[in-house]
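K.L.:
Quick check, what structure comes out for this input:
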Amino acid sequence: MNIYTKKNYSSFDDGDDSYLTSDPPKSSSKPSSNPPPKIPMGTSTYLPQSSPKLNLPEKPTKTQVVQKKVDDVVIAMTKNIEIQLENMEKTEDIEKKSEGLMQGADRFRDRAREIKYKIWWKNIKMKLIIGFVIVSILVILIVVSICGDGGCNKKK
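P.N.:
Numbering: from 1, shown residues only. Purely as a prediction, here's the structure:
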């Protein structure tokens, strides 16, 4: 079977069946008088020489550059203001907490003074009671030693 035989593709039939022959295409034995054009080095063979320029982005004008910088500064300032507002809220929360701590510290100090005074007064009472007991025991010992044999009741 020949690879160049025509198959039944009637929808693609345009009437040109020259490619279906088994003979290779005939070429003229005479060399062409017009040689193919030479392409200089460094040029593209895919784009014609008269192709329009590519749409490259234009250089921004000075006004556009300044406007871009201004926009960047505005964005940075907006972020800074937002951060500052957040910091102010945090500072207010810290102030409220510190006020609460200060009130707690005042109550603690007052309560500590009261307890210190109560403990001091208990210590004074205890010392007075111990002192009274010691004096009482000394008086009893002195009286017993002087009047040991019942001599305190004797009349001389």
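
K.L.:
all helices for the protein, in order.
P.N.:
62-146 (DSSP state H).

K.L.:
just for it, where's the confidence low?
P.N.:
When residues are selected by pLDDT under 70, those of the chain lie in 1-57, 149-156.

K.L.:
Swap in 90 and give it another go.
P.N.:
In the predicted model, the chain carries pLDDT under 90 at residues 1-61, 142-156.

K.L.:
Count the neighbours of residue 71 for me.
P.N.:
10 (other Cβ atoms under 10 Å). Every residue, glycine included, has its C-beta placed from N, CA and C.

K.L.:
Look up how far residue 79 lies from it.
P.N.:
Per Cβ to Cβ, to the nearest Å, residue 71 is found 13 Å from residue 79.

K.L.:
Also residue 64?
P.N.:
23 Å.

K.L.:
Pull the number of nearby residues for residue 98.
P.N.:
Neighbours of residue 98 (other Cβ under 10 Å): 10.

K.L.:
Residue 80 now?
P.N.:
Applying other Cβ under 10 Å, we find 10 residues neighbouring residue 80.

K.L.:
do residue 125 as well
P.N.:
Neighbour number of residue 125 under other Cβ under 10 Å is 10.

K.L.:
Name all residues that make contact with residue 142.
P.N.:
Going by Cβ atoms under 8 Å, 6 or more residues apart in numbering, residue 142 touches no other residue.

K.L.:
I'd like to know how far it sits from residue 93.
P.N.:
Applying Cβ to Cβ, the value for residue 142 to residue 93 is 73 Å.

K.L.:
go on, residue 135?
P.N.:
Taking Cβ to Cβ as the measure, residue 135 and residue 93 are separated by 63 Å.

K.L.:
likewise residue 60?
P.N.:
From residue 60 over to residue 93 (counting by Cβ to Cβ), the distance is 46 Å.

K.L.:
cool, residue 138 as well?
P.N.:
67 Å.

K.L.:
again, but for residue 130
P.N.:
Residue 130 sits 54 Å away from residue 93, going by Cβ to Cβ.

K.L.:
Equivalent analysis for residue 59, please.
P.N.:
Applying Cβ to Cβ to residue 59 and residue 93 gives a distance of 51 Å.

K.L.:
Next, count neighbours for residue 109.
P.N.:
10.
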